[in-house]
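Colleague: Sequence and predicted model, in that order:
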Amino acid sequence: MKCPHCLKIIHVSRQAVKVASDNKCIWSILQGTCPACHNAIMDLMGVPSGTFRVGEKPPKVEYMVYPKGAARHPLSDEVPVEFTEDYREACLVLKDSPKASAALSRRCLQSLLRGQAKVKKSDLSKEIEQVLEAGELPSYLADAIDAIRNLGNFAAHPIKSKNTGEIVEVEEGEAEWLLDVLEGLFDFYFVQPAVLREKREELNKKLKDAGKPEMK
């Protein structure tokens, strides 16, 4: 499994501790500790109880209760708070409601394109078209952002494009894909420019110390 804290692939033995039971399930906390980062991992697990018809065996249910939310790499401090708030909330609710997560991500994406790509305000589908026509994104990001419209089936569900924060049905993997694309855009718009600025400043300091002209 992948640790939801440090994201490393780990093998951890977990112990089930019964906490309650009702007419549907026997409920236990499945607990363990990541051997890499030593943080606790806890799931609430329900094993169906009661009498069932021959051949009927309802599946057990399992919910991660700690840590809460999807396991994602932490964002850089370079990403402005007006974008990180929606992104982090989208991660937090992903397991419980992919529909709510996708709605938050679409709203974050639209805000990001308007703020950084300077698109003319319209619905999200047309704003994505504007970004693609501008040709400023690297091809891997252009393909990724274009796939949002296809994966989300905007043609069949135009409300996703026109009312980005609306909670509507999502395709399998759509909510996760939106988070992946947001991370790629954050890196392009905020992280990499900051890295290059820092390296440029370091180089200019070395040039100055050597009595040579700085980079313009």
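Modeller: Ah, there it is.

Colleague: Tell me where this structure has helices.
Modeller: For the chain, applying DSSP state H gives helices covering 81-93, 98-112, 124-134, 139-151, 159-162, 174-186, 192-209.

Colleague: Okay, now the unreliable bits of the protein?
Modeller: With pLDDT under 70 as the threshold, the chain has low-confidence stretches at 50-59, 69-71, 155-156.

Colleague: count of neighbours near Y87?
Modeller: With neighbours defined by other C-beta atoms under 10 Å, the count for Y87 comes to 22. Where C-beta positions appear, they are placed from N, C-alpha and C, glycine not excepted.

Colleague: in terms of contact, does it touch L179 like I think?
Modeller: Yes. Between Y87 and L179 there is a contact at 7.3 Å, judged by C-beta atoms under 8 Å.

Colleague: Now do the contacts for the residue nearest to the spatial centre of the chain.
Modeller: Closest residue to the average C-alpha location of the chain: L179 at 3.3 Å, with C-alpha atoms, centre = their mean. Each residue near L179 by C-beta atoms under 8 Å, 6 or more residues apart in numbering is listed here: A70, R72, Y87, A90, C91, L94, S101, S105.

Colleague: again, but for C3
Modeller: So C3 contacts I9, I10, V12, C34, A36, C37, N39, I41, A71 (C-beta under 8 Å, 6+ apart).

Colleague: dump the residue contacts of D96.
Modeller: Here D96 is in contact with Y63 (C-beta under 8 Å, 6+ apart).

Colleague: follow-up on the earlier one: find the pair from the contacts of C3 with maximum spatial separation.
Modeller: I9 and N39 (15.2 Å; C-beta to C-beta).

Colleague: neighbour-wise, which of the two wins?
Modeller: N39 (13 against 8).

Colleague: thought that one was touching T33?
Modeller: Yes. Here N39 reaches T33: they are 7.0 Å apart, a contact under C-beta under 8 Å.

Colleague: quick one: contacts of stretch 209-216?
Modeller: So stretch 209-216 is contacted by R200, L203, N204, L207, K208 (C-beta under 8 Å, 6+ apart).

Colleague: Just the buried ones from the residues you listed?
Modeller: The neighbour-count criterion (16 or more other C-beta atoms under 10 Å) marks none of the contacts of stretch 209-216 as buried.

Colleague: quick revisit: single out the most deeply packed of the helices of the chain.
Modeller: Neighbour counts (mean count of other C-beta atoms under 10 Å) averaged over each of the helices of the chain peak at helix 98-112, with a mean of 23.

Colleague: Packing partners of it?
Modeller: helix 81-93, helix 124-134, helix 174-186 (3 or more C-beta pairs under 8 Å, 6 or more residues apart in numbering; DSSP states H and E).

Colleague: Out of these, flag the one nearest S111.
Modeller: helix 81-93 (6.8 Å).

Colleague: by contact count, what packs against the closest one?
Modeller: helix 98-112, helix 174-186.

Colleague: chain center to it: distance?
Modeller: Put simply, helix 81-93 sits 8 Å off its chain's centre (C-alpha atoms, centre = their mean, to the nearest Å).

Colleague: Next one: the closest residue in space to Y189 that isn't next to it in sequence relative to Q192, how far apart?
Modeller: Spatial nearest neighbour of Y189, excluding adjacent residues (C-beta to C-beta, 6 or more residues apart in numbering): Q116 at 4.6 Å. Taking C-beta to C-beta, to the nearest Å as the measure, Q116 and Q192 are separated by 13 Å.
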